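Peer 1: Give me a 3D structure for the following:
(2 chains)
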Number of protein chains: 2
Amino acid sequence: MNQRRLVLLAEGSFSPEGAKTAVCVVRYRSEEVVAVIDSTRAGKTVAGVLGFGPSAPVVATMTEALRLRPDTLLIGIAPMGGRLPDAWRAMILEAIASGCDVVSGLHTFLSDDAAIAAAASAKGVRIEDLRRPPPDLSIPTGANKRWKPRVVLTVGTDCNAGKMTTSVEIANGLLRRGVRATWAATGQTGIFLRGKGIAVDRVVSDFVAGAAERLILEASDGAGVVIVEGQGSLQHPAYSGVTLGLLHGSLPHAMVLCHKPPRKTIRNYPEVPLPPLPRVVEIYERAAAWVRPAKVAALSLATYDLSDKEARAAVARARRDTGLPATDPVRFGVEPILDAVLGKPAGRARTPGRARARA
Amino acid sequence: MNQRRLVLLAEGSFSPEGAKTAVCVVRYRSEEVVAVIDSTRAGKTVAGVLGFGPSAPVVATMTEALRLRPDTLLIGIAPMGGRLPDAWRAMILEAIASGCDVVSGLHTFLSDDAAIAAAASAKGVRIEDLRRPPPDLSIPTGANKRWKPRVVLTVGTDCNAGKMTTSVEIANGLLRRGVRATWAATGQTGIFLRGKGIAVDRVVSDFVAGAAERLILEASDGAGVVIVEGQGSLQHPAYSGVTLGLLHGSLPHAMVLCHKPPRKTIRNYPEVPLPPLPRVVEIYERAAAWVRPAKVAALSLATYDLSDKEARAAVARARRDTGLPATDPVRFGVEPILDAVLGKPAGRARTPGRARARA
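Peer 2: Numbers count the residues shown, from 1 in each chain, chains lettered A, B, ... in the order given. This is a model prediction of the structure:
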């Protein structure tokens, strides 16, 4: 993949909670980030805001960002519903006028916007809509009934619970062990990082399962293990259908449940409580079994805003409550998850009440 | 709604199992059907094939059908995936050339097909794609958290289990009782019959729940009860995501579970067994409760291909096994369901083991 000089648009939202695309790009393509636009955090550095990443500045305006000679503007925010805020249009046109390509994960395709498309064409820059689905999707062919690779799906208690990060970390961890592993991107951020994928939340709803199947077929390419980036949550009032379609289309051999402690309700839906983790494990296993049984093999926690002590306690508690291996793969390493997703016996850690966090 | 003179295209499939759009149109707009095209059943009448409906002929070719002066061609089949078989293109163009409007429920929009659109424009006829979604859908606004009308969702053990028919029959039954009831169409057949609706299986998957919410808001219009036509099944390997999105977007007060006895596996998926009815009831109630609890209030069976004795036995068994009111609303009347969906106590029928079919 070519190196880019990225400016990330994350106006008003540059935090792990508010701008997960921008934050994941900082995590995995840190050296390419030259600036972040967020007027509410202007004057700080990326590392100063996030606690990791480059010393690139956070600036208030596109004009300031363009002084750092970016070649690509990435819309680094994924608002609920994914639509383009009107206020951003001028910034996008300004970036195009200075010769930047534009990459967007919004539901509204920038390349379908007449003014933006015309400006890009006049300037000779590319508009890339990460969420644009392939044109010829359909329902599953049945190839998902007999996967050649081992298929592992990350699932979550909620959106923004670390499913993409966990998928990347598991794939990288397996590669380090010499396992031919890869991961399949199902959301805009993952597609940007991976260079390919299908945004399953943007496909025709009848074809979510078919899109998942195709994605795994294309991603596998001789791999022994394919980690599929999950989406949403079965408990999510807006996105649960995407989650179930992805589960039944990918028909995984195992699942890894991602959670952001201490979250107790669905993000933006304070009236929808999150069940305790053992209950969420049961929910996913039951829902998988409606078509084909699969177990949750391990837990992945996103503890980035907890103290070290709190994070260790959260991991230990998750492990004790569920009897499953648990870790924060970014903070404590992904190792505890790897044996579990390969289907190897996890020893005493699987006995609830006796387990200890190794992290 | 204007009366039409309909020719139904159901090539190779004119049966309740194979062409549900065509068969439902025969059931509810019988007097408008002038011919059905199905070369494998040509020479019979509609009534001769289905056991109900008009004496309109089943013919082998469009040329024969056009002699009966239809003004509208309805694509009366909903193949898996919904795409246009190449062989039908010539028939559609022939109908357009003779001045017919064309109504289609396919996933592939006929009005986007250059040749078909050009022919229609030249002839001055209309192409209506029932599945085309409104352009401005998004996620739910939250209006579904506090419905004014009572919302009842039909759900199913499978596709093609009578959800649309049950929705129509419940709405009509409530209207006969003087209840201000209506139904909301979520699929191509329902949209054709109802004259409005949203094909939720054709919307962007992120927006299924939002589409459901909007549909109910638009349908309710002062109604005291809105029956929402369900789609697919939580156990369906291809369409389960649509089903869950519709459930969590419509957030019903009650559900009516539809089943076609004696089906034991998902249609076209012999490797996916249907759980027993009490277990399916539990599955839907659990899945609803992930966001907001709702009960299955009654069962609706589609017994059209059973004998009278078999049908009565199936209804009695469903009632006994679940403790819920049950009926085939077409064959035995919808009455047993009506009290249940209004939330009235159903008396002794709710005690499993003691219940008797009233039907």
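Peer 1: What ranges does the stretch 101-250 of chain A have for its helices?
Peer 2: A:114-123, A:163-176, A:188-194, A:208-220, A:240-250 (DSSP state H, counting those that start in this stretch).
Peer 1: and the residue nearest the centre of chain A, what does it touch?
Peer 2: In chain A, the centroid-proximal residue (C-alpha atoms, centre = their mean) is residue A:164; its distance is 3.0 Å. Contacts here follow C-beta atoms under 8 Å, 6 or more residues apart in numbering or on different chains; on that basis residue A:164 touches A:20, A:24, A:154, A:185, A:187, A:189, A:190, A:193, A:229. For glycine as for every other residue, the C-beta is placed from the backbone atoms N, C-alpha and C.
Peer 1: change it to 10 Å
Peer 2: Listed by C-beta atoms under 10 Å, 6 or more residues apart in numbering or on different chains, the contact set of residue A:164 reads A:20-21, A:24, A:27-28, A:154, A:183, A:185-190, A:193-194, A:229-231, A:258.
Peer 1: Tell me how far it lies from chain B.
Peer 2: 16 Å (C-beta to the nearest C-beta, to the nearest Å).
Peer 1: Read off the pLDDT value for that residue.
Peer 2: Looking at residue A:164, its pLDDT reads 97.
Peer 1: ditto for residue A:76
Peer 2: What the model reports as pLDDT for residue A:76 is 82.
Peer 1: what's the neighbour count on it?
Peer 2: 31 (other C-beta atoms under 10 Å in any protein chain shown).
Peer 1: How about it: what's its closest non-neighbour residue?
Peer 2: residue A:22 (3.0 Å; C-beta to C-beta, 6 or more residues apart in numbering or on different chains).
Peer 1: between the host helix or strand of that neighbour and helix A:163-176, what angle do the directions make?
Peer 2: Using DSSP states H and E, the element containing residue A:22 is helix A:20-28. Per axes from the mean of the first three to the mean of the last three C-alpha atoms, to 10 degrees, the angle that helix A:20-28 makes with helix A:163-176 is 20 degrees.
Peer 1: and helix A:20-28, what other elements does it pack with?
Peer 2: strand A:6-9, strand A:33-37, helix A:46-50, strand A:72-75, strand A:101-104, helix A:163-176, helix A:188-194 (3 or more C-beta pairs under 10 Å, 6 or more residues apart in numbering or on different chains; DSSP states H and E).
Peer 1: any idea which of the helices of the stretch 101-250 of chain A is most buried?
Peer 2: helix A:240-250 (a mean of 30; mean count of other C-beta atoms under 10 Å in any protein chain shown).
Peer 1: Quick one: check that helix for contact with chain B.
Peer 2: Yes - Helix A:240-250 lies within reach of chain B by C-beta under 10 Å from any C-beta of the partner chain, at A:240, A:241, A:242, A:243, A:244, A:245, A:246, A:247, A:248, A:249.
Peer 1: pLDDT (mean, whole number) over the helix holding residue A:22?
Peer 2: Mean predicted confidence for helix A:20-28 is 92.
Peer 1: between it and strand A:33-37, how many degrees?
Peer 2: 150 degrees.
Peer 1: hang on, the earlier thing: of the helices and strands packed on helix A:20-28, which approaches residue B:305 most closely?
Peer 2: helix A:163-176 (44.6 Å; C-beta to C-beta).
Peer 1: one step back: residue A:60 is nearest to which of the helices and strands packed on helix A:20-28?
Peer 2: That would be strand A:33-37 among the helices and strands packed on helix A:20-28, by C-beta to C-beta, at 7.3 Å.
Peer 1: Can you give me the domain boundaries for chain A?
Peer 2: A:6-129, A:143-350 (automatic domain parsing).
Peer 1: So what's the gap between the last one and the chain middle?
Peer 2: Averaging C-alpha coordinates over domain A:143-350 and over its chain gives two centres that are 10 Å apart (C-alpha atoms, centre = their mean, to the nearest Å).
Peer 1: re earlier: can you lay out the helices and strands packed on helix A:20-28 as TSV showing distance to residue B:10?
Peer 2: TSV is the format used below for the helices and strands packed on helix A:20-28 (distance: least, C-beta to C-beta, whole Å):
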stretch	distance to residue B:10
strand A:6-9	51
strand A:33-37	56
helix A:46-50	59
strand A:72-75	46
strand A:101-104	43
helix A:163-176	43
helix A:188-194	40
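Peer 1: for these, which one sits closest to residue A:290?
Peer 2: The nearest among these, by C-beta to C-beta, is helix A:163-176 at 20.8 Å.
Peer 1: Near chain B, which residues of the stretch 251-359 of chain A are found?
Peer 2: Residues of the stretch 251-359 of chain A lying near chain B (C-beta under 10 Å from any C-beta): A:251, A:266, A:268-269, A:271-272, A:275, A:280, A:282-283, A:286-287, A:289-292.
Peer 1: are any of the residues you listed buried, and which?
Peer 2: A:251, A:266, A:269, A:272, A:280, A:283, A:287, A:290, A:291, A:292 (16 or more other C-beta atoms under 10 Å in any protein chain shown).
Peer 1: and which of those is nearest residue B:43?
Peer 2: Closest to residue B:43, out of all of those and judged by C-beta to C-beta, is residue A:291, at 41.4 Å.
Peer 1: Leaving out chain neighbours, which residue sits closest to residue A:31?
Peer 2: Nearest non-adjacent residue to residue A:31 (C-beta to C-beta, 6+ apart): residue A:54, at 7.0 Å.
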